[in-house]
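Asker: Here's a sequence, model it:
(one chain, ligands or ions: 2)
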Amino acid sequence: MIEITPVKTLDGKIRAPPSKSYTHRALFLGLLSEGKTKIENPLICTDTLATLNAVRAFGARADWNFVESSGEVEPAKINAFESGTTARLAIGIGALADGRSVIDGKESLRKRPMEPLLRALNDLGVKTQSNGFLPVRVFGGEIREDYVRVDGSISSQFITALLILGAKVGLSIEVLNPVSKPYLEITLRTLKWANVKVERDDGIFHVHQGVKADHFSIPGDYSSASFFLVAGAIFGKVRVEGLDKEDVQADKLILDLLREFGAEIRTGKDYVEVERDELVGQEVDCRDFPDLFPILAVLGAYSEGKTVLRAKHLRYKESDRIRTMALNLAKMGAKVKELDDGLIISKSELRGTVLNPQNDHRIAMALTIAALGAKGKSLILNERCVEKSYPNFFKDLRGLIDQ
Ligand SMILES: O=C(O)C1=C[C@@H](OP(=O)(O)O)[C@@H](O)[C@H](O)C1
Ligand SMILES: C=C(OP(=O)(O)O)C(=O)O
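Answerer: Ligands and ions are numbered 1, 2, ... in the order given. This next block holds a predicted model:
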């Protein structure tokens, strides 16, 4: 556990870690591309280690900065740890391997749904075995159809998995009720960098066969940066360097959201700076940026009036993020009400206490920021869960406080 001592103000800068979403995609597209693919500035964390291990298990020679592959995929046993992105993308890639692949994970990942992707693979003629959750067995090697419909109402990762599969075999993918839509833009952008041709026709993606990935340069991660950007809005001024203003990441929307809450935002060539101003609560549909939900709930606790946050699929992440945030913020004394699809939180005087993020990295990071303004010290249990996406989070926080 780690003790968090409240701060009076923050005024400093950090450098954003690389993007987890881009790193996953670069590694898997390197696997599917014949030859050597270079990866510059990859994120090294538990989730991307699961993907690096998977790429090796599927037959490539790979390390953090390169993947060398025949372009073919061998049957493999995959342990995705707790990485939903790794598991879903690996299940799709298992359809290419001539034989049986087994994709499994641990703890929270075994509770996260896989069924919409399995149904899509079955419709393509790929045999799978599972109860709709991990472990999943995929009997690959024969894809008999080139058109598939997929339900995107629980996760965009099912669609990303099919888009990446389509780069090898050619697929038309009809998407129903998509959530987290900007993550599809990240997928399309990395497919473009891998010279994959994709045509869009309303809700249908036509992915042409053929992938040649030579080089990826991973941009800064807005999801990880969001914790410190919100800290700037609440406690003073924070500059985050290494962020690309032109990026398509879902959580780049934190900038517009912070403006709507009332914070001062300044941007430069590769940085974003947030400064405290009068914060007023907002009603936000978080369906397209689910990873911002935990830190937006904290922002709501420091904003005048009420903040309403909604996104039903938040219950299917590393924890039930609606319940976990509501319970912990209530324990801090926040005025918070859990809804079926989100929560309502009002400006509250928070008090330090023992906080349990339920092993969910984004909850641990959000509660840490909440604790910085509480009355009295807090303890965060199992804080090492942040290593899933942001191993240097507490180091960066200490650096910011010491500036
Ligand atoms: O495609 C990706 O890289 C991700 C998609 C999102 O998941 P959902 O599409 O399941 O919401 C997001 O929560 C996750 O952190 C990463
Ligand atoms: C949910 C997340 O990632 P994944 O779905 O890959 O586990 C996350 O990073 O918050």
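
Asker: What residue in the stretch 1-150 of the chain comes nearest to ligand 1?
Answerer: Using CB to the nearest ligand atom, the single residue of the stretch 1-150 of the chain nearest to ligand 1 is Ser21, 3.3 Å away. (C-beta placed from N, C-alpha, C; glycine too.)

Asker: Same check on the stretch 301-403 of the chain?
Answerer: His313 (5.8 Å).

Asker: For the residue of the chain at minimum distance from ligand 2, give me the pLDDT.
Answerer: When scored by CB to the nearest ligand atom, the chain has Gly84 as its residue closest to ligand 2, at 2.9 Å. Per-residue confidence (pLDDT) for Gly84: 98.

Asker: likewise the one 3 residues further on?
Answerer: At Ala87, the model reports a pLDDT of 98.

Asker: Tell me, how many residues neighbour it?
Answerer: Close neighbours of Ala87, defined as other CB atoms under 10 Å, add up to 30.

Asker: Equivalent analysis for the one 3 residues further on, please.
Answerer: The number of residues packed around Ala90, counting by other CB under 10 Å, is 31.

Asker: so where does the residue lying closest to Val169 once chain neighbours are set aside fall, helix or strand?
Answerer: Leaving aside its chain neighbours, Val169 sits nearest to Ile143 (5.3 Å; criterion: CB to CB, 6 or more residues apart in numbering). For Ile143, there is no host helix or strand (DSSP states H and E).

Asker: residues contacting Ile143?
Answerer: Residues near Ile143 by CB atoms under 8 Å, 6 or more residues apart in numbering: Ala95, Leu124, Gly125, Val126, Leu165, Val169.

Asker: could you flag which of these are buried?
Answerer: Among the contacts of Ile143, those classed as buried by 16 or more other CB atoms under 10 Å are Ala95, Leu124, Val126, Leu165.

Asker: Going by distance to Val150, which of these wins?
Answerer: Each of the buried ones among the contacts of Ile143 was scored against Val150 by CB to CB, and Leu124 proved nearest at 10.2 Å.

Asker: Next, the contact list for the closest one, please.
Answerer: Residues in contact with Leu124, defined by CB under 8 Å, 6+ apart, are Ala95, Ile143, Arg144, Glu145, Val148, Leu171.

Asker: if we can go back for a sec, from the contacts of Ile143, which land in strands?
Answerer: Using DSSP state E, no member of the contacts of Ile143 falls in strands.

Asker: Redo those residues as a markdown table? Include pLDDT and distance to Gln209.
Answerer: Converted to a markdown table, those look like this (pLDDT from 0 to 100; distance: CB to CB, whole Å):
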| residue | pLDDT | distance to Gln209 |
| --- | --- | --- |
| Ala95 | 98 | 14 |
| Leu124 | 98 | 14 |
| Gly125 | 97 | 16 |
| Val126 | 98 | 16 |
| Leu165 | 98 | 11 |
| Val169 | 97 | 6 |
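
Asker: As JSON lines, those residues with distance to ligand 2 would be great.
Answerer: Putting the contacts of Ile143 into JSON lines (distance: CB to the nearest ligand atom, whole Å) gives the following:
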{"residue": "Ala95", "distance to ligand 2": "20"}
{"residue": "Leu124", "distance to ligand 2": "23"}
{"residue": "Gly125", "distance to ligand 2": "27"}
{"residue": "Val126", "distance to ligand 2": "22"}
{"residue": "Leu165", "distance to ligand 2": "17"}
{"residue": "Val169", "distance to ligand 2": "24"}
